[in-house]
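Undergrad: Structural data only, the sequence is not supplied:
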RNA sequence: CGGGAUGUGGCGCAGUUUGGCUAGCGCGCUUGCCUUGGGAGCAAGAGGCCGGGGGUUCAAAUCCCUCCAUCCCGACCA
């Protein structure tokens, strides 16, 4: 490819509305352009990277026994009504109507479509297991599209669905995918970590997320650094290790104190001269099942995912000031569990071990002291509902966990029979018994993977593509485009490399050398081949590795050999 | 959806508070000269219904109303 013919519009200035590096660099290096919020055009360089990622995915899916198919993006509402997700999926589902006023959705995922397909095609245990996948655009009307390709409303995803006779078969399929995903992200040159996760709206039991470790990640992951311990979890899922209570303290008599104007944990603890750990924080939520009160220690935070799961709700919103006043009879800041009625009360495990705690008195400007859970109030549910933080003990081995940020590039789910039951996808087993097919689903964000790769591989000058997914392997830069000898050698190098299978760009643009060097670094070619005046005269080239900056030379007649050697090591 | 902000040639911005006559600057683009190992220099150019609509005014990029778009901060997902 000649750079003069390549549509790769690079830019020196950083676009004002790009916040994260991957977004900035994708724009600056001429990989993407925005069409609407969360919707992008992929320019030729990006398409080359995406194709490589997709190729790696295809190879690993096929190796694991997957078969590729292609399902419609436009999906009829009926199927979504059958599974109940027409309602549950909510405003994230892009909806549209045809000329006859029939309703459709733009597919955010394809459980409905594929299960409907399989219920028609699979009748016998002999046809199972089955692993089917596709790679195509997905549509999610995100509440807040953000960070370029990291969270788009239209994005490319690989989704595979497994169909098995029983749980055991599902376990096998799940394991295959776990291993395939591990290989895929390794091959893409990413530092990542599979973590336990919450299954969220898709439903199902077991699930892992594949997290690329990067500071710009939106998810927090906790993992154990001890050798041999493999515990790793999304904070949403991370379980707390119960600490010992303050057994030495003797419960005192319940009483209350005036705390005029002191509402927050910090204010109250400061005013009363106690540590935040002595306070029971009461957080009120509204749900579709009524109001819920979450009780946690003052220095903790509610894990709303856990709370949602504990309550068995779909919606969970922080209660407003009016709702709180109606329920507690006091303004925000004075809610407490003692004597509280009209809310479903969920206490965190830690709260039940507290002795002589402090909590709001459901009265303006007053808090109870010497509150003892079990004696002074009885929660409806006792459960693990708090966020675990870095530094807390590993549930498996007790060592302190490390907390980092991660970008979720893939997730695998055990769905069970949720969708097969809803849509009637059954088969006859060896005994002639009708059974629901046991399913799993497995997604990879292809466009997000590209962005994540940049988050992890860049420097001040630009992108540093891992060789396996780089748009090109090498760029050839003649220092002066007017120097016939240099151009001739550059052309010869280009012919040799292209012939030997190196994906090469010849920068033949009428630009000064500095401009070409800057662009080469920005675009992130793993290898740069420079031909200067002397090199042209003496028939050699200069090679520079983007990642290390290491420079070497090679004679023209051996250039392809040396290039391949260098590429091997990348 | 709440909270905050922005919208002026392709990109980055100034001008808006205090309305005023031909709307500026840098980058990029075109042409020529010159230069050629890290985004050179000089010269001459092209390119803007100042996000849309409505209003106030002798006069609106600037004030008011309204709509739209985009970005950032909070709850979900690949």
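TA: Good, I have the coordinates. This structure is a prediction, so every number in the text was calculated from the model and none was measured.

Undergrad: Please count neighbours and contacts with C-alpha atoms only from this point.
TA: Noted.

Undergrad: Up against RNA strand B, what does the stretch 201-350 of chain A have?
TA: Residues of the stretch 201-350 of chain A lying near RNA strand B by Cα under 7 Å from any atom of the strand: A:201, A:202, A:209, A:210, A:218, A:219, A:304, A:305, A:316, A:317.

Undergrad: Buried among the residues you listed? Need that as a selection in PyMOL.
TA: PyMOL command restricting those to the buried ones, with burial defined by 16 or more other Cα atoms under 10 Å:
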select buried, chain A and resi 202+209+210+219+304+305+316
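
Undergrad: what sits opposite the most centrally placed residue in chain A in the beta ladder?
TA: Nearest to the geometric centre of chain A sits residue A:408, at 1.8 Å (Cα atoms, centre = their mean). Beta bridges link residue A:408 to residue A:211 when assigned by DSSP bridges.

Undergrad: any chance you could map the strands in the stretch 401-550 of chain A?
TA: A:401-416, A:426-428, A:434-436, A:438-445, A:458-459, A:462-463, A:474-478, A:504-506, A:527-531, A:540-545 (DSSP state E, counting those that start in this stretch).

Undergrad: chain center to the longest one, what's the gap?
TA: Same thing as strand A:401-416. 7 Å (Cα atoms, centre = their mean, to the nearest Å).

Undergrad: hmm, back to that, could you export the strands of the stretch 401-550 of chain A as TSV, including distance to residue A:178 and mean pLDDT?
TA: Output for the strands of the stretch 401-550 of chain A, formatted as TSV (distance: least, Cα to Cα, whole Å; pLDDT from 0 to 100):
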stretch	distance to residue A:178	mean pLDDT
strand A:401-416	7	93
strand A:426-428	26	97
strand A:434-436	24	97
strand A:438-445	9	96
strand A:458-459	28	94
strand A:462-463	29	96
strand A:474-478	33	97
strand A:504-506	34	97
strand A:527-531	33	98
strand A:540-545	33	97
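
Undergrad: In CSV, list the ones you listed along with distance to RNA strand B.
TA: As requested, the strands of the stretch 401-550 of chain A are exported to CSV (distance: least, Cα to the nearest atom of the strand, whole Å):
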stretch, distance to RNA strand B
strand A:401-416, 3
strand A:426-428, 24
strand A:434-436, 22
strand A:438-445, 4
strand A:458-459, 11
strand A:462-463, 8
strand A:474-478, 8
strand A:504-506, 15
strand A:527-531, 5
strand A:540-545, 6
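
Undergrad: Quick one: residues contacting residue A:218.
TA: Shown in contact with residue A:218 (Cα atoms under 8 Å, 6 or more residues apart in numbering): A:405, A:406, A:407.

Undergrad: how much space is there between it and residue A:211?
TA: Taking Cα to Cα, to the nearest Å as the measure, residue A:218 falls 10 Å from residue A:211.

Undergrad: what do you get for residue A:73?
TA: Counting by Cα to Cα - residue A:73 and residue A:211 are separated by 27 Å.

Undergrad: again with residue A:472
TA: From residue A:472 across to residue A:211, the span is 26 Å (Cα to Cα).

Undergrad: and if you look at residue A:436?
TA: 32 Å.

Undergrad: on that earlier part again, show me what contacts the residue nearest to the centre of chain A?
TA: Contacts of residue A:408 by Cα under 8 Å, 6+ apart are A:209, A:210, A:211, A:212, A:217, A:219.

Undergrad: Which single one of these is nearest to RNA strand B?
TA: Closest approach to RNA strand B among the contacts of residue A:408 (Cα to the nearest atom of the strand): residue A:219, at 5.2 Å.

Undergrad: ok, what's across the strand from that closest one?
TA: Judged by DSSP bridges, the bridge partners of residue A:219 are residue A:406.

Undergrad: Where does pLDDT dip in the stretch 51-200 of chain A?
TA: Within the stretch 51-200 of chain A, the stretches with pLDDT under 70 are A:200.

Undergrad: Show me the helices in the stretch 201-350 of chain A, by range?
TA: A:265-272, A:304-311, A:321-328 (DSSP state H, counting those that start in this stretch).

Undergrad: Same list, those helices, but as JSON lines with mean pLDDT and distance to residue A:501 please.
TA: Putting these into JSON lines (pLDDT from 0 to 100; distance: least, Cα to Cα, whole Å) gives the following:
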{"stretch": "helix A:265-272", "mean pLDDT": "88", "distance to residue A:501": "65"}
{"stretch": "helix A:304-311", "mean pLDDT": "85", "distance to residue A:501": "50"}
{"stretch": "helix A:321-328", "mean pLDDT": "84", "distance to residue A:501": "67"}
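
Undergrad: Assign a three-state SS to residue A:382, would you?
TA: strand (DSSP: H, G, I helix; E, B strand; the rest coil).

Undergrad: For beta bridges, what are the partners of it?
TA: Going by DSSP bridges, residue A:382 forms beta bridges with residue A:347.

Undergrad: is stretch A:385-398 anywhere near RNA strand B?
TA: No: Stretch A:385-398 stays clear of RNA strand B (Cα under 7 Å from any atom of the strand), getting no nearer than 11.1 Å.

Undergrad: State the mean pLDDT of that stretch.
TA: For stretch A:385-398, the mean pLDDT works out to 90.

Undergrad: ends of that stretch, how far apart?
TA: 20 Å.

Undergrad: In stretch A:563-570, which residues are buried?
TA: Buried residues in stretch A:563-570 (16+ other Cα under 10 Å): A:563, A:566, A:567.

Undergrad: roughly how far out does it sit from the chain middle?
TA: Per Cα atoms, centre = their mean, the centroid offset for stretch A:563-570 relative to its chain is 32 Å.

Undergrad: And for stretch A:22-35?
TA: 20 Å.

Undergrad: ok, how many other residues are close to residue A:374?
TA: 10 (other Cα atoms under 10 Å).

Undergrad: That one - nearest residue in space that isn't next to it in sequence?
TA: Spatial nearest neighbour of residue A:374, excluding adjacent residues (Cα to Cα, 6 or more residues apart in numbering): residue A:352 at 7.2 Å.

Undergrad: now swap in residue A:212 and tell me
TA: Using Cα to Cα, 6+ apart, the closest residue to residue A:212 is residue A:192 (4.1 Å).

Undergrad: How about the contacts made by the one you found?
TA: Neighbours of residue A:192 in contact, by Cα under 8 Å, 6+ apart: A:185, A:210, A:211, A:212, A:213.

Undergrad: Quick one: name the residues of the stretch 451-570 of chain A near RNA strand B.
TA: A:461, A:479-482, A:511-522, A:530-535, A:542.

Undergrad: Cross these against helices and list the overlap.
TA: Counting by DSSP state H, these place A:513-522, A:533-535 in helices.

Undergrad: Using neighbour counts, trim the residues you listed to the buried set.
TA: For those, buried by 16+ other Cα under 10 Å: A:513, A:516, A:517, A:519, A:520, A:521, A:522, A:535.

Undergrad: what's next to stretch A:316-335, contact-wise?
TA: In contact with stretch A:316-335 (Cα under 8 Å, 6+ apart) are residues A:262-264, A:282-288, A:291, A:304, A:308, A:340-343, A:359-367.

Undergrad: same thing but 7 Å
TA: Residues outside stretch A:316-335 that contact it (Cα atoms under 7 Å, 6 or more residues apart in numbering) are A:263-264, A:282, A:284-287, A:308, A:340, A:342, A:360-367.

Undergrad: those strands in the stretch 51-200 of chain A, which residues are they?
TA: Using DSSP E, counting those that start in this stretch, the strands of the stretch 51-200 of chain A run over residues A:67-68, A:74-76, A:95-97, A:103-106, A:130-139, A:154-164, A:192-196.

Undergrad: Which among the ones you listed is found nearest to residue A:258?
TA: strand A:192-196 (44.8 Å; Cα to Cα).

Undergrad: tell me the angle of that closest one relative to strand A:401-416?
TA: Orientation note: strand A:192-196 sits at an angle of 60 degrees relative to strand A:401-416 (axes from the mean of the first three to the mean of the last three Cα atoms, to 10 degrees).
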